[in-house]
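Asker: Please find the sequence and the predicted model below.
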Amino acid sequence: MTLSQQPEGGFLHVLPMHLPEGLTVEAMVASVLPWAAPCLTAQRGHALDGEPTLVLGYEWSAPWVHTMEQISKQHREFLHAQRFAADYLATGVPPFWNLTEGADPPDWVAENQDGLLGVECAQLTVQERRTAQALFLGLRQKLLLRLGGPLPYLMNHVVYFWFDGHGGLELPLKRGDEDAIADLAQALLAHRPDPARLWHEGGLPEHLPTPDLVRTPAGAVFHCAPMANAVPTTPLYTATGIEVGFVYTTLHRRSDAWARVQKLVDDHDQEGVDWLVLSAGAPNQHGTRFLSLDPPVHSRWSLR
(Lines give C-alpha, C1' and ligand atoms only; values in the text may rest on other atoms or scores of the structure.)
Protein backbone atom coordinates (compact mmCIF):
# COMPACT_ATOMS: atom_id res chain seq x y z
CA MET A 1 0.00 0.00 0.00
CA THR A 2 1.27 3.48 -0.81
CA LEU A 3 -0.26 6.91 -0.39
CA SER A 4 -0.01 9.34 -3.34
CA GLN A 5 0.23 12.47 -1.26
CA GLN A 6 -1.59 15.73 -2.02
CA PRO A 7 -1.54 18.81 0.26
CA GLU A 8 -4.96 17.91 1.68
CA GLY A 9 -4.74 14.11 1.41
CA GLY A 10 -3.92 11.38 -1.04
CA PHE A 11 -5.05 8.32 -2.99
CA LEU A 12 -4.27 4.91 -1.53
CA HIS A 13 -2.71 2.31 -3.85
CA VAL A 14 -3.72 -1.05 -2.36
CA LEU A 15 -2.02 -4.25 -3.61
CA PRO A 16 -2.26 -7.87 -2.41
CA MET A 17 0.77 -9.83 -1.22
CA HIS A 18 0.82 -13.51 -0.18
CA LEU A 19 3.08 -14.13 2.82
CA PRO A 20 4.22 -17.69 3.65
CA GLU A 21 3.19 -19.20 6.95
CA GLY A 22 5.83 -18.73 9.64
CA LEU A 23 7.53 -15.71 8.06
CA THR A 24 8.63 -13.03 10.52
CA VAL A 25 8.47 -9.65 8.79
CA GLU A 26 11.15 -7.22 9.95
CA ALA A 27 11.01 -4.46 7.36
CA MET A 28 9.04 -3.21 4.38
CA VAL A 29 10.77 -2.22 1.15
CA ALA A 30 9.15 0.21 -1.27
CA SER A 31 10.06 2.57 -4.08
CA VAL A 32 7.71 5.28 -5.36
CA LEU A 33 7.51 6.65 -8.90
CA PRO A 34 7.21 10.38 -9.76
CA TRP A 35 3.46 9.95 -10.38
CA ALA A 36 3.04 8.71 -6.78
CA ALA A 37 2.51 5.04 -7.65
CA PRO A 38 4.70 2.23 -6.30
CA CYS A 39 7.59 1.01 -8.41
CA LEU A 40 8.33 -1.91 -6.10
CA THR A 41 6.93 -3.40 -2.91
CA ALA A 42 8.55 -6.14 -0.83
CA GLN A 43 8.88 -7.39 2.72
CA ARG A 44 12.07 -8.58 4.35
CA GLY A 45 12.36 -10.95 7.29
CA HIS A 46 13.14 -14.50 8.41
CA ALA A 47 11.56 -17.80 7.43
CA LEU A 48 10.46 -20.33 10.04
CA ASP A 49 13.93 -21.93 10.02
CA GLY A 50 15.57 -18.54 10.64
CA GLU A 51 16.97 -17.99 7.14
CA PRO A 52 16.79 -14.39 5.85
CA THR A 53 13.99 -14.17 3.28
CA LEU A 54 12.72 -11.53 0.89
CA VAL A 55 9.11 -11.54 -0.36
CA LEU A 56 8.62 -9.57 -3.56
CA GLY A 57 5.03 -8.50 -4.16
CA TYR A 58 4.98 -5.95 -6.96
CA GLU A 59 7.29 -4.28 -9.43
CA TRP A 60 6.75 -1.97 -12.38
CA SER A 61 8.50 -2.60 -15.68
CA ALA A 62 10.66 0.52 -15.76
CA PRO A 63 11.80 1.52 -19.26
CA TRP A 64 15.55 2.17 -19.39
CA VAL A 65 15.38 3.04 -23.08
CA HIS A 66 12.52 3.09 -25.60
CA THR A 67 13.33 0.90 -28.59
CA MET A 68 11.31 -0.63 -31.41
CA GLU A 69 13.86 -3.41 -31.90
CA GLN A 70 15.29 -5.80 -29.36
CA ILE A 71 18.73 -5.00 -27.97
CA SER A 72 21.15 -7.77 -28.94
CA LYS A 73 22.92 -9.83 -26.30
CA GLN A 74 26.28 -8.50 -27.47
CA HIS A 75 25.13 -4.89 -27.20
CA ARG A 76 23.66 -5.48 -23.73
CA GLU A 77 26.88 -7.09 -22.53
CA PHE A 78 28.89 -4.18 -23.90
CA LEU A 79 26.66 -1.76 -21.96
CA HIS A 80 27.04 -3.86 -18.80
CA ALA A 81 30.84 -3.89 -19.09
CA GLN A 82 30.94 -0.14 -19.74
CA ARG A 83 28.63 0.58 -16.79
CA PHE A 84 30.86 -1.55 -14.55
CA ALA A 85 33.93 0.36 -15.75
CA ALA A 86 32.20 3.68 -15.05
CA ASP A 87 31.17 2.60 -11.54
CA TYR A 88 34.66 1.24 -10.84
CA LEU A 89 36.09 4.74 -11.41
CA ALA A 90 34.89 5.52 -7.87
CA THR A 91 38.10 3.76 -6.76
CA GLY A 92 40.14 6.30 -8.71
CA VAL A 93 41.50 3.80 -11.23
CA PRO A 94 39.73 2.43 -14.37
CA PRO A 95 39.43 -1.38 -14.33
CA PHE A 96 40.15 -1.73 -18.05
CA TRP A 97 39.84 0.07 -21.36
CA ASN A 98 39.73 -0.58 -25.13
CA LEU A 99 37.03 -3.28 -25.10
CA THR A 100 37.06 -5.41 -28.25
CA GLU A 101 34.99 -8.48 -29.10
CA GLY A 102 36.46 -11.72 -27.76
CA ALA A 103 36.35 -15.36 -28.89
CA ASP A 104 33.39 -16.19 -26.56
CA PRO A 105 34.79 -17.06 -24.17
CA PRO A 106 35.66 -14.44 -23.28
CA ASP A 107 32.94 -12.01 -24.36
CA TRP A 108 35.43 -9.14 -24.51
CA VAL A 109 39.15 -8.55 -24.53
CA ALA A 110 40.34 -5.41 -22.75
CA GLU A 111 43.52 -3.77 -21.58
CA ASN A 112 44.61 -2.56 -18.17
CA GLN A 113 47.88 -1.78 -16.44
CA ASP A 114 48.74 -5.50 -16.34
CA GLY A 115 48.18 -6.09 -20.06
CA LEU A 116 45.39 -7.92 -21.91
CA LEU A 117 42.57 -9.60 -20.01
CA GLY A 118 39.41 -11.52 -20.88
CA VAL A 119 36.11 -10.10 -19.60
CA GLU A 120 32.95 -12.23 -19.35
CA CYS A 121 29.51 -10.70 -18.72
CA ALA A 122 26.53 -12.42 -17.09
CA GLN A 123 23.21 -11.23 -15.77
CA LEU A 124 21.88 -12.25 -12.36
CA THR A 125 18.20 -13.07 -12.74
CA VAL A 126 15.45 -14.96 -10.92
CA GLN A 127 13.84 -17.34 -13.41
CA GLU A 128 10.41 -17.35 -11.77
CA ARG A 129 10.13 -13.58 -11.90
CA ARG A 130 11.74 -13.46 -15.34
CA THR A 131 9.03 -15.79 -16.69
CA ALA A 132 6.28 -13.70 -15.10
CA GLN A 133 7.83 -10.47 -16.38
CA ALA A 134 8.07 -11.79 -19.94
CA LEU A 135 4.43 -12.90 -19.92
CA PHE A 136 3.30 -9.56 -18.54
CA LEU A 137 5.31 -7.57 -21.09
CA GLY A 138 3.61 -9.64 -23.79
CA LEU A 139 0.24 -8.85 -22.21
CA ARG A 140 1.09 -5.12 -22.20
CA GLN A 141 1.81 -5.26 -25.92
CA LYS A 142 -1.43 -7.13 -26.65
CA LEU A 143 -3.46 -4.62 -24.63
CA LEU A 144 -1.80 -1.73 -26.42
CA LEU A 145 -2.99 -3.18 -29.74
CA ARG A 146 -6.49 -4.05 -28.54
CA LEU A 147 -7.34 -0.87 -26.64
CA GLY A 148 -6.85 1.14 -29.80
CA GLY A 149 -6.46 4.61 -28.27
CA PRO A 150 -7.06 6.76 -25.20
CA LEU A 151 -9.38 5.50 -22.47
CA PRO A 152 -11.25 8.63 -21.28
CA TYR A 153 -12.64 7.11 -18.09
CA LEU A 154 -9.25 5.68 -17.04
CA MET A 155 -7.10 8.65 -18.08
CA ASN A 156 -4.17 9.22 -15.68
CA HIS A 157 -4.79 5.99 -13.75
CA VAL A 158 -2.49 3.11 -12.93
CA VAL A 159 -4.18 -0.25 -13.50
CA TYR A 160 -2.93 -3.00 -11.18
CA PHE A 161 -3.37 -6.55 -12.47
CA TRP A 162 -3.09 -9.88 -10.75
CA PHE A 163 -4.32 -13.37 -11.51
CA ASP A 164 -6.09 -15.42 -8.87
CA GLY A 165 -5.30 -19.10 -8.48
CA HIS A 166 -5.53 -21.90 -5.96
CA GLY A 167 -3.36 -20.99 -3.00
CA GLY A 168 -2.04 -17.68 -4.29
CA LEU A 169 -1.39 -15.43 -7.25
CA GLU A 170 -0.64 -17.02 -10.61
CA LEU A 171 1.32 -16.15 -13.74
CA PRO A 172 -0.23 -13.77 -16.32
CA LEU A 173 -2.22 -14.86 -19.33
CA LYS A 174 -0.11 -16.62 -21.94
CA ARG A 175 0.46 -14.99 -25.30
CA GLY A 176 -1.90 -17.44 -27.00
CA ASP A 177 -4.87 -16.71 -24.70
CA GLU A 178 -6.45 -14.36 -27.22
CA ASP A 179 -10.02 -14.75 -25.93
CA ALA A 180 -8.94 -14.07 -22.36
CA ILE A 181 -6.91 -11.03 -23.45
CA ALA A 182 -9.92 -9.76 -25.43
CA ASP A 183 -12.13 -10.15 -22.33
CA LEU A 184 -9.58 -8.21 -20.29
CA ALA A 185 -9.44 -5.40 -22.85
CA GLN A 186 -13.24 -5.19 -22.94
CA ALA A 187 -13.38 -5.07 -19.14
CA LEU A 188 -10.93 -2.14 -19.17
CA LEU A 189 -12.95 -0.29 -21.80
CA ALA A 190 -16.15 -0.77 -19.80
CA HIS A 191 -14.73 0.08 -16.38
CA ARG A 192 -15.66 3.33 -14.65
CA PRO A 193 -13.36 3.77 -11.63
CA ASP A 194 -14.44 5.45 -8.41
CA PRO A 195 -11.30 7.22 -7.11
CA ALA A 196 -13.22 8.64 -4.13
CA ARG A 197 -13.04 5.15 -2.55
CA LEU A 198 -9.25 5.47 -2.39
CA TRP A 199 -9.05 9.05 -1.10
CA HIS A 200 -7.72 9.50 2.41
CA GLU A 201 -6.81 12.55 4.44
CA GLY A 202 -4.03 12.52 6.97
CA GLY A 203 -1.60 9.64 7.55
CA LEU A 204 -2.13 5.97 6.82
CA PRO A 205 -5.66 4.82 7.70
CA GLU A 206 -6.44 2.41 10.51
CA HIS A 207 -8.60 0.36 8.13
CA LEU A 208 -7.86 -0.02 4.42
CA PRO A 209 -10.56 0.85 1.90
CA THR A 210 -11.95 -1.85 -0.35
CA PRO A 211 -10.69 -1.30 -3.91
CA ASP A 212 -13.18 -1.36 -6.78
CA LEU A 213 -12.10 -4.78 -8.10
CA VAL A 214 -12.97 -6.05 -11.57
CA ARG A 215 -12.71 -9.77 -12.41
CA THR A 216 -12.69 -11.55 -15.76
CA PRO A 217 -13.70 -15.18 -16.49
CA ALA A 218 -10.04 -16.15 -17.02
CA GLY A 219 -9.10 -15.16 -13.44
CA ALA A 220 -7.66 -11.72 -14.12
CA VAL A 221 -8.33 -9.11 -11.42
CA PHE A 222 -7.63 -5.41 -11.64
CA HIS A 223 -8.32 -2.11 -9.98
CA CYS A 224 -7.30 1.46 -10.76
CA ALA A 225 -5.71 4.24 -8.73
CA PRO A 226 -5.15 7.84 -9.90
CA MET A 227 -1.71 9.24 -10.67
CA ALA A 228 -0.55 12.46 -9.04
CA ASN A 229 2.15 15.10 -9.66
CA ALA A 230 3.53 13.57 -12.90
CA VAL A 231 2.82 11.07 -15.68
CA PRO A 232 4.88 8.33 -17.37
CA THR A 233 6.52 8.69 -20.78
CA THR A 234 5.90 5.11 -21.89
CA PRO A 235 4.37 4.15 -25.26
CA LEU A 236 1.40 2.63 -23.42
CA TYR A 237 0.63 5.86 -21.57
CA THR A 238 1.20 7.92 -24.71
CA ALA A 239 -1.36 5.85 -26.62
CA THR A 240 -3.95 5.14 -23.94
CA GLY A 241 -3.47 7.57 -21.04
CA ILE A 242 -2.97 4.71 -18.54
CA GLU A 243 -0.14 2.66 -17.12
CA VAL A 244 -0.33 -0.92 -15.89
CA GLY A 245 1.52 -2.92 -13.26
CA PHE A 246 1.64 -6.62 -12.43
CA VAL A 247 1.19 -7.95 -8.89
CA TYR A 248 2.90 -11.31 -8.34
CA THR A 249 4.39 -12.68 -5.12
CA THR A 250 7.67 -14.62 -5.07
CA LEU A 251 9.74 -15.85 -2.13
CA HIS A 252 13.53 -15.49 -2.14
CA ARG A 253 15.81 -17.16 0.40
CA ARG A 254 19.36 -15.96 0.93
CA SER A 255 20.89 -19.40 0.31
CA ASP A 256 19.12 -19.65 -3.07
CA ALA A 257 20.44 -16.24 -4.12
CA TRP A 258 24.04 -17.14 -3.29
CA ALA A 259 23.62 -20.48 -5.05
CA ARG A 260 22.64 -18.63 -8.26
CA VAL A 261 25.71 -16.41 -7.94
CA GLN A 262 27.97 -19.43 -7.42
CA LYS A 263 26.51 -21.21 -10.45
CA LEU A 264 27.20 -18.20 -12.65
CA VAL A 265 30.78 -18.07 -11.38
CA ASP A 266 31.25 -21.81 -12.02
CA ASP A 267 29.68 -21.64 -15.50
CA HIS A 268 31.98 -18.79 -16.59
CA ASP A 269 35.17 -20.07 -14.96
CA GLN A 270 36.80 -20.98 -18.27
CA GLU A 271 40.16 -20.59 -19.94
CA GLY A 272 40.72 -17.05 -21.17
CA VAL A 273 38.36 -15.46 -18.64
CA ASP A 274 40.08 -13.17 -16.13
CA TRP A 275 37.17 -11.00 -14.97
CA LEU A 276 33.48 -11.83 -14.59
CA VAL A 277 31.09 -8.88 -14.57
CA LEU A 278 27.76 -9.80 -12.94
CA SER A 279 24.91 -7.36 -13.62
CA ALA A 280 21.84 -7.14 -11.38
CA GLY A 281 18.81 -5.07 -12.30
CA ALA A 282 20.20 -4.39 -15.78
CA PRO A 283 17.88 -3.80 -18.77
CA ASN A 284 16.64 -6.78 -20.77
CA GLN A 285 16.43 -7.11 -24.55
CA HIS A 286 13.41 -4.77 -24.59
CA GLY A 287 15.29 -2.01 -22.74
CA THR A 288 13.22 -2.66 -19.60
CA ARG A 289 14.50 -2.85 -16.03
CA PHE A 290 12.91 -4.51 -13.00
CA LEU A 291 13.85 -3.15 -9.59
CA SER A 292 13.41 -6.52 -7.87
CA LEU A 293 17.04 -7.31 -8.71
CA ASP A 294 18.54 -3.91 -7.95
CA PRO A 295 21.38 -4.22 -5.39
CA PRO A 296 19.79 -1.72 -2.94
CA VAL A 297 16.77 -4.04 -2.62
CA HIS A 298 18.87 -7.09 -1.79
CA SER A 299 22.02 -5.79 -0.10
CA ARG A 300 20.91 -5.66 3.54
CA TRP A 301 19.04 -8.94 3.12
CA SER A 302 21.74 -10.98 1.33
CA LEU A 303 24.94 -9.77 2.99
CA ARG A 304 24.05 -10.22 6.65
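Answerer: Now that the structure is in, tell me what you want to look at.
Asker: For the longest helix anywhere in the chain, give me every contacting residue.
Answerer: Counting residues, the longest helix in the chain under DSSP state H turns out to be helix 127-147. With contact meaning Cβ atoms under 8 Å, 6 or more residues apart in numbering, helix 127-147 is reached by 56, 59, 61, 161, 171-175, 181-182, 184-185, 188-189, 235-236, 239-240, 244, 246, 248, 250, 284, 286, 288, 290, 292. All C-beta spots, glycine's among them, are computed from the backbone N, C-alpha and C.
Asker: Which of these fall within helices?
Answerer: Ile181, Ala182, Leu184, Ala185, Leu188, Leu189, Pro235, Leu236, Ala239, Thr240.
Asker: Which residues are in contact with the last one?
Answerer: Listed by Cβ under 8 Å, 6+ apart, the contact set of Thr240 reads Leu144, Leu147, Gly149, Pro150, Leu151, Leu154.
Asker: The same query, at a cut-off of 6 Å, please.
Answerer: When contacts are counted by Cβ atoms under 6 Å, 6 or more residues apart in numbering, Thr240 is found next to Leu147, Pro150, Leu151.
Asker: and Leu188, how far is that from Asp256?
Answerer: Relative to Asp256, Leu188 is positioned 36 Å away (criterion: Cβ to Cβ, to the nearest Å).
Asker: In terms of neighbours, single out the busier of these two.
Answerer: In this view Leu188 and Asp256 are compared by other Cβ atoms under 10 Å, and Leu188 has more residues nearby, 23 against 12.
Asker: ok, now which ones touch that one?
Answerer: With contacts defined as Cβ under 6 Å, 6+ apart, Leu188 has no neighbours.
Asker: quick one: it and Leu236, what's the gap?
Answerer: From Leu188 to Leu236 the distance is 12 Å (Cβ to Cβ).
Asker: Tabulate the ones in helices among the contacts of helix 127-147 (JSON lines), appending pLDDT and distance to His268.
Answerer: Shown next, in JSON lines, are those (pLDDT from 0 to 100; distance: Cβ to Cβ, whole Å):
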{"residue": "Ile181", "pLDDT": "91", "distance to His268": "39"}
{"residue": "Ala182", "pLDDT": "92", "distance to His268": "44"}
{"residue": "Leu184", "pLDDT": "93", "distance to His268": "41"}
{"residue": "Ala185", "pLDDT": "94", "distance to His268": "43"}
{"residue": "Leu188", "pLDDT": "95", "distance to His268": "44"}
{"residue": "Leu189", "pLDDT": "94", "distance to His268": "48"}
{"residue": "Pro235", "pLDDT": "88", "distance to His268": "35"}
{"residue": "Leu236", "pLDDT": "91", "distance to His268": "36"}
{"residue": "Ala239", "pLDDT": "93", "distance to His268": "41"}
{"residue": "Thr240", "pLDDT": "94", "distance to His268": "42"}
